[in-house]
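>>> Curious how this folds, go ahead:
(2 chains)
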Amino acid sequence: SQTIHQWPATLVQPVGSPLSLECTVEGTSNPNLYWYRQAAGRGLQLLFYSVGIGQISSEVPQNLSASRPQDRQFILSSKKLLLSDSGFYLCAWSPARVRVGNSPLHFGNGTRLTVT
Amino acid sequence: KNQVEQSPQSLIILEGKNCTLQCNYTVSPFSNLRWYKQDTGRGPVSLTIMTFSENTKSNGRYTATLDADTKQSSLHITASQLSDSASYICVVSTNSGYALNFGKGTSLLVTP
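Below you'll find the predicted structure:
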């Protein structure tokens, strides 16, 4: 069966510090991978998605970047965090070659990031 | 602009009671509508999917309805349990791109 791991679960970082959140998927090959942010009182916002190694698409220009160094590894990074980067970050995967929405997104348990 | 509106924003019900959550959307072109359940501090989990031709679909005590003409969906929970306490998110997809249209969710609290 497929599983998705995301860590850390919680993180408190000062403004201006770097960020690295990691997500790995097991039990499937060449998945589509996604990073979402969920702010309080707002719907999930797609930040990045990837259909393959090294292929990253950004939906919202911002202070963050993403990388996919391996087939089932997705990393969210920032060189310098802003207060506005605080939120709940979710990694998700969906099967390859299936249009997003035609299969459910499988989410990790998220990282609660607080920038102080 | 594609939008998904959910109501109510929050809801408190007694264990064993029924409730109905609403989702109105203006997403076009419509592909499908999915309801997710998100427990506190966890990622959302898909409950059910509705395509254009489907009116009703059940998953245990959860029943989703879709009226594609009025662009409305509802999620009915029967005989609520404490474990139903969660946020319920309505998500509408189109036929293009990788971005889905998420509602802000309805926060449901089931009390003893």
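
>>> So B:Val4 sits against B:Ser93, correct?
No: if you go by C-beta atoms under 8 Å, B:Val4 and B:Ser93 don't touch, sitting 10.5 Å apart. Every C-beta, even on glycine, is put in place using the N, C-alpha and C of the backbone.

>>> list residues touching both of those two?
B:Val27, B:Asn101 (C-beta atoms under 8 Å, 6 or more residues apart in numbering or on different chains).

>>> where exactly do the strands run in the chain?
No chain specified, so I'll use chain A. Secondary structure of chain A (DSSP state E): strands located at A:3-7, A:10-13, A:19-26, A:32-38, A:44-52, A:55-58, A:65-70, A:73-78, A:87-94, A:106-107, A:111-115.

>>> could you do chain B instead?
Going by DSSP E, chain B shows strands at B:4-7, B:10-14, B:19-25, B:32-38, B:45-51, B:56-59, B:62-67, B:72-77, B:86-93, B:101-102, B:106-111.

>>> I'd like to know which elements the fifth one is packed against.
Looking back up the chat, that one is strand B:45-51. strand B:32-38, strand B:56-59, strand B:62-67, strand B:72-77 (3 or more C-beta pairs under 8 Å, 6 or more residues apart in numbering or on different chains; DSSP states H and E).

>>> quick one: contacts for residue 50?
I'll assume chain A. A:Ser50 makes contact with A:Asn32, A:Leu33, A:Tyr34, A:Ile56, A:Ser57, A:Ala66, A:Arg68, A:Phe74, according to C-beta under 8 Å, 6+ apart.

>>> Correction: the question concerned chain B.
Counting by C-beta under 8 Å, 6+ apart, B:Met50 has contacts B:Asn32, B:Leu33, B:Arg34, B:Lys57, B:Ala64, B:Thr65, B:Leu66, B:Ser73.

>>> repeat that with 6 Å
B:Met50 is in contact with B:Leu33, B:Lys57, B:Ala64, B:Leu66, counting by C-beta atoms under 6 Å, 6 or more residues apart in numbering or on different chains.
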